[in-house]
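Trainee: The amino acid sequence is not available; the structure is as follows:
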């Protein structure tokens, strides 16, 4: 459920290409057919169709326009999209109710901004509103509620703080992934342009050259100068063989020699990888910034806590679907028509 909450909210924002501004309340709906009643709040058919259209676009963005012909998570994509649309509507209602409780207020200027954004969407996509039977007012309300959910979740996480033990555990277990090293290397390749091994006699010649270059570096020649002349690594040759990287970004043998080497010194032996032979000099080791790690963990923990709180509100929401809920369906182009259009183009 937590993941679905974020998908619903992300889908709303991405599909409309807008970042709305929240308000403590929305304009009352005119008398319309009702699709669902959530915690006593009626969800009109046009508003639900707005949620459904945004969910539809998000599904198609992820899986293409033929997604409606397949099953996802054991059910039809069409039914799943309707569920996501309803979850988004529930999220909007509980967020609006919590916003009132938290006295979350926005300015008149912010209200005008969201109205202008909704009008801009109408101007750019007038056919969408007509075909899917919703209005600019419905777009405004949807975006307002989506933004309210963001504000409410931020508010919920304000006073939460993970334990010092959990913070330190995260730092201790992940510190190595936040450290970086800068090193230079000379690569003498033992593979061809298709990454296939060269003949054994050529590999022997390559190794002899690599050993000669390693000795020249040990004798005092600059590895960067030799890299510019001899290295066969196109990714670093223009930078005198230099890379700055973290754990897991290079092949293991290269990473080990770079991180375990002494800054300012060359690794005493050739380092062999699937690419060939490397002469490696460690330049600088940068330890993990533990304060940065602490801040990141706290921010993530606050977000997880507020998501969990919102998920509980959604799960406990009183939801009554009307018969109209089952009648509303996604409007889409069948797969065979899409394929015909592609062939014609």
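Mentor: Done, it's in. Being a predicted model, the structure only gives us computed values, none of them experimental. Residues are numbered from 1 along each chain as shown.
Trainee: going forward, measure contacts between C-alpha atoms and count neighbours the same way
Mentor: OK.
Trainee: remind me which residues of the stretch 201-345 of the chain are low pLDDT?
Mentor: Scanning the stretch 201-345 of the chain for pLDDT under 70 picks out 335-345.
Trainee: all helices in it, in order from the N-terminus.
Mentor: Using DSSP state H, counting those that start in this stretch, the helices assigned to the stretch 201-345 of the chain run over residues 223-230, 252-260, 290-315, 323-327, 335-344.
Trainee: quick one: the residue lying farthest from the centre of the chain from residue 273, how far?
Mentor: Farthest-out residue of the chain from its mean C-alpha position, per CA atoms, centre = their mean: residue 219, at 48.6 Å. Counting by CA to CA, to the nearest Å, the separation of residue 219 from residue 273 is 24 Å.
Trainee: Would you enumerate the residues in contact with residue 102?
Mentor: Going by CA atoms under 8 Å, 6 or more residues apart in numbering, residue 102 touches 152, 155.
Trainee: State the distance from the residue nearest to residue 272 when sequence neighbours are not counted to residue 197.
Mentor: What sits nearest to residue 272 in space, not counting adjacent residues and going by CA to CA, 6 or more residues apart in numbering, is residue 278, at 6.2 Å. Here residue 278 is placed at a distance of 16 Å from residue 197 (CA to CA).
Trainee: neighbour count winner among these two?
Mentor: Per other CA atoms under 10 Å, whichever of residue 278 and residue 197 has more neighbours is residue 278, with 28 against 16.
Trainee: show me where the stretch 151-300 of the chain has strands.
Mentor: For the stretch 151-300 of the chain, the strands defined by DSSP state E, counting those that start in this stretch occupy 180-189, 242-246, 265-266, 271-273, 276-286.
Trainee: closest to residue 312 out of those strands?
Mentor: Proximity to residue 312 (CA to CA) singles out strand 242-246 among those, at 38.1 Å.
Trainee: Check which residues of the closest one are buried.
Mentor: 242, 243, 245, 246 (16 or more other CA atoms under 10 Å).
Trainee: give the contact list for the second one.
Mentor: Read that as residue 243. Going by CA under 8 Å, 6+ apart, residue 243 touches 182, 183, 184, 236.
Trainee: swap the cut-off to 6 Å and go again
Mentor: Residues in contact with residue 243 (CA atoms under 6 Å, 6 or more residues apart in numbering) are 182, 183.
Trainee: do you know how far it is from residue 220?
Mentor: Going from residue 243 to residue 220 by CA to CA gives 21 Å.
Trainee: what pLDDT does residue 6 get?
Mentor: Reported pLDDT at residue 6 in the predicted model: 47.
Trainee: ok, which stretches of the stretch 1-150 of the chain are strands?
Mentor: Using DSSP E, counting those that start in this stretch, strands in the stretch 1-150 of the chain cover 34-38, 41-44, 71-72, 75-76.
Trainee: now, of those strands, which is deepest in the fold?
Mentor: Most buried of these by mean neighbour count (mean count of other CA atoms under 10 Å) is strand 34-38; its value is a mean of 21.
Trainee: For that strand, which strands pair with it and how are they oriented?
Mentor: strand 41-44 (antiparallel), strand 319-321 (antiparallel) (DSSP bridges).
Trainee: Alright, calling it a day.
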